[in-house]
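Visitor: Provide a 3D model corresponding to the input given below.
(2 chains)
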Amino acid sequence: MNALAITAHTQTSAAGTGNAAGAAALREGRSGLRRCDLPDVDLETFIGRVDGLEDHPLGGELAAFDCRNNRLAELALQQDGFLDAVAGAVRRHGADRVAVLLGTSTSGIAATEAAYRRRDPDTGALPPDYDYRHTQNMYSLADYVATRLGLNGPAMVVSTACSSSAKVFADAWRHLRAGVCDAAIVGGVDSLCGMTLYGFNALQLVAPEPCTPLDRQRRGISIGEAAGFFLLEREEDAPADAPRLTGHGESSDAHHMSAPHPEGAGAARAMREALQRAGCAGTDVDYVLMHATATPANDRSEARALADVLGPQARCAGTKGLTGHTLGAAGAVGAAQALASLAGDFVPGTAGLTDPDPELDLDARATSEARPVRRVMLNAFGFGGNNCSLLLEAPC
Amino acid sequence: MLNPVGIHAVGLIGPGLTDFPSAREILAGREEHLYAPVQIPPTSLLPANERRRTTQTIRLALHAAEEASEGGDRTSMRSVFASSSGDMDIIDRICETLTQPDPAVSPMQFHNSVHNAPAGNWSIATRNPAPATALSGFTGTVAAGLLEAVTLQLAEGGEVLLVCYDVPSMELFREVRPVHEHFAFGLRLGPVAGAPWRLRLEPRPQAVETRCRADALEALRDTNPAARCLPLLERLAGAHAQEVVLEAPAGRSLAVHVEESAEDTP
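Guide: Residues are numbered from 1 along each chain as shown, chains lettered A, B, ... in the order given. I've put the predicted structure just below:
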């Protein structure tokens, strides 16, 4: 078993709710970033905020799960016929044969931040309605999705910062290979919270203006929130027109907790492994959907990895100018964008790019280019030097 | 049932349990377990200045990692760090900071707040470029970690270090997250050849969990999600029949079969 078929997927971010809106924003370079208007956050920065989450609390039997992260998960699950696709997978394989493997970096931490602000002024106690298990605990996201979809195959949350929702694709491949499931829901959700906004601000990694990936003037990230879900199955169980995951590579920088390896050595290792698994060369990749967070150091490190693996002037794109850096959901957002470009035959532009940094030696363009796309390499790198590359391909 | 993998070494730290060799008699039921709060010895893996930049959570996980990786090639093994909650001390401090006007979050606390902080520190300390992951399965975290580590070993070969750990809750969280003790354990998994134990996993519908044989250990099992491994460790020490059933995420169970290797009895 080499490739996995992607038999359904959906994405929701500031760039759009559902695949059609996300794909249109990607093709047209329409940014969803706005000046930070999150309550309780007073920072001079831009954010990728999904509208309407405040007005749609989770209710009924799932009310205990109510928090921004799980609301965003629910909004995304309702798009693109994803619920029906999962129901189909359950009919084909059984509810205990569908795994739920999801990534997030901060889960429902916003619920805990809010609970700290609402502590009893006399006793200091947390408010009685605060539910740690179903909101902030790292597993809450997979718990919510598995409960919501009635699935009880293997379930877990992977939390390796900004590579989380890319690594779960590799986990699904291994779970299917070992035979512990016949299908897997993968992807991830991360939502805006004080912790990441003030935390990245403290590290001086946040741009005061909308982020400008790969640009000579880039000054840091814009933080966003997003959700993306994918149904993965063995190729023989899937229709022939399903796109495929043909390779994955993972590595550690073993260098620094919050700074990338200066030469991109770990990133290059992950990219090479993905190519090797897919049995293809760098020249077979139509473009690289880069992690491209828009910090000076991150983009430089990743560009050096691309030069190492693919040579100078690699065709590439960075999309965080559309959605913001969605952290633990970045891999899922990237995968959905890669599928949009495969289906629509275009190489996305790099939103926010006006003056490509010559030092990076990349072929990144401001606007999208219509041309056949068969194979996309997707990068997602996180704190702790945690790297993941995926290869996504059009149907055979 | 999944194909077998080898257990090559074990690491352990918990109340009254200072390491696996010294805890073996307790786990085998030949010695009484005496409660003593956990003292985490300083790791020799990190230089002093790096050590100061770590947290108690990271030091707890690295301690179990260090013991379980003894005798293996630390520069090349893959690693899986499994924890229900991650670094609760940092979460407490950052959430407290965020209640202040114009909050000043500590940059070091923030980068150590990620769930993969122990995994990142481990790869840095051992100069190991192999993939590392970090996961959670709430009270099924031990089972989720085992499934992840075993599927990794079966798919990729080589050695895989599994570390499960959780730290106690801060005072404010004592009721909403009743975790009262430090606990961590590690397994160095690899090929069956040369391993003292063979491990086979079998995911199952929800079944009754295996309890610890010793009452004192059974009392400990509920005090920390990582301590759910105790029946398995009792099995490795020679107590119990072959099968141990652990709670797994999503209302499932994981049956764990252990056999002593014929050629290399521990």
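Visitor: I'd guess residue A:198 is in a strand, am I close?
Guide: No. Counting by DSSP: H, G, I helix; E, B strand; the rest coil, residue A:198 is located in no strand; its state is helix.
Visitor: can I assume it is in contact with residue B:103?
Guide: Yes. If you go by Cβ atoms under 8 Å, residue A:198 and residue B:103 touch, sitting 5.3 Å apart. The way it works is simple: take the backbone N, C-alpha and C, and place the C-beta from them, glycine included.
Visitor: How about residues contacting the strand or helix carrying residue A:24?
Guide: Assigned by DSSP states H and E, residue A:24 falls within helix A:19-28. Residues outside helix A:19-28 that contact it (Cβ atoms under 8 Å, 6 or more residues apart in numbering or on different chains): A:9-13, A:15-16, A:30-32, A:79-80, A:319, A:322, A:336-337, A:340-341, A:343-344, A:346, A:348, A:368.
Visitor: Work out the gap between it and the centre of the chain.
Guide: Its chain's C-alpha centre and that of helix A:19-28 lie 16 Å apart, by Cα atoms, centre = their mean, to the nearest Å.
Visitor: For that helix, list every residue counted as buried.
Guide: Of the residues in helix A:19-28, A:19, A:21-23, A:25-27 count as buried by neighbour count, 16 or more other Cβ atoms under 10 Å in any protein chain shown.
Visitor: From these, pick the one nearest residue A:154.
Guide: residue A:19 (26.6 Å; Cβ to Cβ).
Visitor: Quick check: the residue of the stretch 1-150 of chain B nearest chain A.
Guide: Residue nearest to chain A within the stretch 1-150 of chain B: residue B:120 (2.4 Å; Cβ to the nearest Cβ).
Visitor: Nearest spatial neighbour of that residue, chain-adjacent residues omitted?
Guide: Once flanking residues are discounted, residue B:120 sits nearest to residue A:384: 2.4 Å by Cβ to Cβ, 6 or more residues apart in numbering or on different chains.
Visitor: Centre-most residue in the chain?
Guide: All of this refers to chain A. With distances taken as Cα atoms, centre = their mean, residue A:330 lies nearest the centre of chain A, 2.4 Å away.
Visitor: switch to chain B, that's the one I care about
Guide: residue B:164 (1.8 Å).
Visitor: list the contacts for that one?
Guide: So residue B:164 contacts B:64, B:82-83, B:141-142, B:145, B:184-186, B:225-226, B:229 (Cβ under 8 Å, 6+ apart).
Visitor: hmm, back to that, check the residue nearest to residue B:120 and give its pLDDT.
Guide: On the pLDDT scale, residue A:384 is placed at 95.
Visitor: Then residue B:44?
Guide: pLDDT, residue B:44: 85.
Visitor: do the one 4 residues further on as well
Guide: According to the predicted model, the pLDDT of residue B:48 comes to 83.
Visitor: How about the one 3 residues further on?
Guide: The model reports residue B:51 with a pLDDT of 83.
Visitor: how about the helix or strand encompassing it: buried residues?
Guide: Secondary structure assignment for residue B:51, by DSSP H and E: helix B:48-52. Neighbour-count burial for helix B:48-52 flags residue B:51 (criterion: 16+ other Cβ under 10 Å).
Visitor: what element comes up after it heading to the C-terminus?
Guide: Downstream of helix B:48-52, the next assigned helix or strand under DSSP H and E is helix B:56-69.
Visitor: Show me what secondary structure element comes after that following helix.
Guide: Following helix B:56-69 in sequence, per DSSP H and E, is strand B:78-82.
Visitor: Please report phi then psi for residue A:34.
Guide: phi -140, psi 160 (degrees, to the nearest 10).
Visitor: For it, give the beta-bridge partners.
Guide: For residue A:34, the beta-bridge partners under DSSP bridges are residue A:47.
Visitor: ok, now which ones touch residue A:131?
Guide: Neighbours of residue A:131 in contact, by Cβ under 8 Å, 6+ apart: A:64, A:111, B:176.
Visitor: Repeat the analysis, applying 6 Å as the threshold.
Guide: residue A:64 (Cβ atoms under 6 Å, 6 or more residues apart in numbering or on different chains).
Visitor: The longest helix seen in chain B vs chain A: in contact?
Guide: The longest helix of chain B (DSSP state H) is helix B:141-156. Yes. Applying Cβ under 6 Å from any Cβ of the partner chain, one finds helix B:141-156 touching chain A at B:144, B:147, B:151, B:154-155.
Visitor: between these, which is nearest residue B:137?
Guide: Distance to residue B:137 across the residues of helix B:141-156 next to chain A (Cβ to Cβ) is lowest for residue B:144, with 3.2 Å.
Visitor: all helices for the stretch 51-200 of chain A, in order.
Guide: With DSSP state H, counting those that start in this stretch as the criterion, the stretch 51-200 of chain A has helices at A:68-77, A:82-93, A:109-117, A:140-149, A:164-178, A:194-202.
Visitor: Output the buried residues of helix A:19-28 as CSV; include the columns pLDDT and distance to residue B:37.
Guide: Shown next, in CSV, are the buried residues of helix A:19-28 (pLDDT from 0 to 100; distance: Cβ to Cβ, whole Å):
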residue, pLDDT, distance to residue B:37
A:19, 98, 53
A:21, 98, 55
A:22, 98, 51
A:23, 98, 56
A:25, 98, 54
A:26, 98, 54
A:27, 98, 60
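Visitor: got the angle for the longest helix of chain B vs helix A:164-178?
Guide: 70 degrees (axes from the mean of the first three to the mean of the last three Cα atoms, to 10 degrees).
Visitor: Name the strands paired with the helix or strand encompassing the residue nearest to the centre of chain B and say parallel or antiparallel.
Guide: According to DSSP H and E, residue B:164 maps onto strand B:160-166. The pairing partners recorded for strand B:160-166 under DSSP bridges are strand B:78-82 (parallel), strand B:183-190 (antiparallel).
Visitor: Distance to residue A:124 and mean pLDDT added to the ones you listed, as CSV?
Guide: Shown next, in CSV, are those (distance: least, Cβ to Cβ, whole Å; pLDDT from 0 to 100):
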stretch, distance to residue A:124, mean pLDDT
strand B:78-82, 32, 98
strand B:183-190, 27, 98
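Visitor: could you redo those as JSON lines and give each row distance to residue A:257 and mean neighbour count?
Guide: Listed next are the strands paired with strand B:160-166 as JSON lines, based on distance: least, Cβ to Cβ, whole Å; neighbours: other Cβ atoms under 10 Å in any protein chain shown:
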{"stretch": "strand B:78-82", "distance to residue A:257": "14", "mean neighbour count": "28"}
{"stretch": "strand B:183-190", "distance to residue A:257": "20", "mean neighbour count": "28"}
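Visitor: okay if I get those strands as JSON lines plus distance to residue A:241?
Guide: Shown next, in JSON lines, are the strands paired with strand B:160-166 (distance: least, Cβ to Cβ, whole Å):
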{"stretch": "strand B:78-82", "distance to residue A:241": "35"}
{"stretch": "strand B:183-190", "distance to residue A:241": "39"}
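Visitor: could you give me the average pLDDT of stretch A:80-92?
Guide: The average pLDDT for stretch A:80-92 rounds to 98.
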